[in-house]
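Q: output the structure for:
(one chain, ligands or ions: 1)
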Amino acid sequence: MANSKYDMRIVFLGPPGAGKGTQAEVVCKHFTLEHISSGDLLRSVVKSNSPMSEKIREFMDKGLLVPDEIVVEIVAQEIKKDRKGFVLDGFPRNLTQAEFLDNSLSPLNICLDRILNFVTSPQKIIERLSGRRICPKCQAIYHIKNMPPSREGICDKCAGPLLQRNDDKEKTIRERLKVYSQLSEPLIEYYREKEILCDVDGDLDVDALFEIIKRLLENPAISDYSD
Ligand code: AP5
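A: Model (predicted):
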C-alpha cells in the first residue's frame, strides 16, 4: 500500500444520502487513504451467501442498523490491518460503536484526527437517494441527474450493470432517516465534546465540498469550514 502523505484517521458522519461515500472516494484518492465503508463491507457479506448473509440482508432491507456485534466484528478486521490512514464511512453509527472504536484504536496508539459532519437538507437527501445508482461489482456511485454514467445503466469503471440499492425505496429511506436521527445524531455531541468534529455543508456540489474538506484536512488548525 502506498504511504499516505497525511496519515489521517477520519470519520464521515451524516444522514443517508449526504454524499459521504462519494466524497470518501475523492478524498481517499487525493490523500492516498483507505476508504472503509461499513455499508460496502456489509453488502459484500450479503453477496457472499455466507451463513450471516440472510440475517444482515433483513436488517439492511428494512433500513435498520445491523446488530452491533456483527458490524463491529467486520469493521474490526479492517481497522486492525496495517493502514497508514483511512476514512471510515458509515461507522460508528451509535454510541456503543463509537466507544468500541476508541477502545480498538488506543492499543494501536492511534486516535481519530477529524470527524466531518455532513450537514445536509432533507430535500437534497431525498433527491440524491431516489436518483442514486450503484455498481455492485466495483461499488462506484452514480446519480441519474447529478452524476450520470457515460452510457445509461453501465458503470464507467468496470462496465458492470448499474442498480438501485434495495434500501433506496421511499419507505426504507424514511426508516433510515428515523434511525439516523435516533441513534446516530447523538454522535455529533459525543465528538463535538472531544473537539474533533467539524461541520461541512453537505448540500454543496461534489467539487465545492471537496475543496472545503481538502482545506480542513490540510490545515488541522481550522476547526470550521467558515474559518
Ligand atoms: P450505508 O451504505 O452506510 O448507507 P448510509 O449511511 O445510509 O449512506 P448512503 O450510502 O445512503 O449515503 P452517502 O452519504 O454515502 O451518499 P452517496 O455518496 O452514496 O448503510 C446502509 C445500511 O447498512 C444501513 O441502513 C444499515 O442497515 C447497514 N449499516 C451500515 N453501517 C452500519 C453500522 N455501522 N452499524 C449498523 N448497520 C450499518 O450519495 C448519494 C447520491 O447522491 C449518489 O447518487 C451520488 O451520486 C449523489 N451525490 C453525492 N454527493 C453529491 C453532491 N455533493 N451533489 C450532488 N449529488 C451528490
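Q: which non-adjacent residue is nearest the residue in the chain that the ligand sits nearest to?
A: Proximity of the chain to the ligand (C-beta to the nearest ligand atom) peaks at G39, 1.9 Å away. Where you see a C-beta, it was placed from the backbone N, CA and C, and this is true even at glycine. Excluding its sequence neighbours, the residue lying closest to G39 (C-beta to C-beta, 6 or more residues apart in numbering) is G90, at 4.7 Å.
Q: go on, F12?
A: K20 (4.2 Å).
Q: same question, V72
A: Closest to V72 by C-beta to C-beta, 6+ apart is F100, at 5.2 Å.
Q: for the residue nearest to the spatial centre of the chain, name its beta-bridge partners.
A: The residue lying closest to the centre of the chain (C-alpha atoms, centre = their mean) is D89, at 2.5 Å. In this structure, D89 bridges to F12, S37 when assessed by DSSP bridges.
Q: would you agree L183 is in contact with N94?
A: Yes: with contact defined as C-beta atoms under 8 Å, L183 reaches N94; the gap is 4.5 Å.
Q: between those two, which one's more packed in?
A: A count of neighbours by other C-beta atoms under 10 Å puts N94 above the other of L183 and N94, at 20 against 16.
Q: ok, back up a step: any common contacting residues for L183 and N94?
A: Between them, L183 and N94 share these contacting residues under C-beta atoms under 8 Å, 6 or more residues apart in numbering: L65.
Q: quick one, strands of the protein?
A: 9-13, 34-37, 86-89, 114-119, 132-134, 141-143, 197-201 (DSSP state E).
Q: can you read off the pLDDT for the residue nearest to the centre of the chain?
A: We have a pLDDT of 97 for D89.
Q: measure it to E58 for me?
A: 22 Å (C-beta to C-beta, to the nearest Å).
Q: please apply the same query to K194.
A: Counting by C-beta to C-beta - K194 and E58 are separated by 34 Å.
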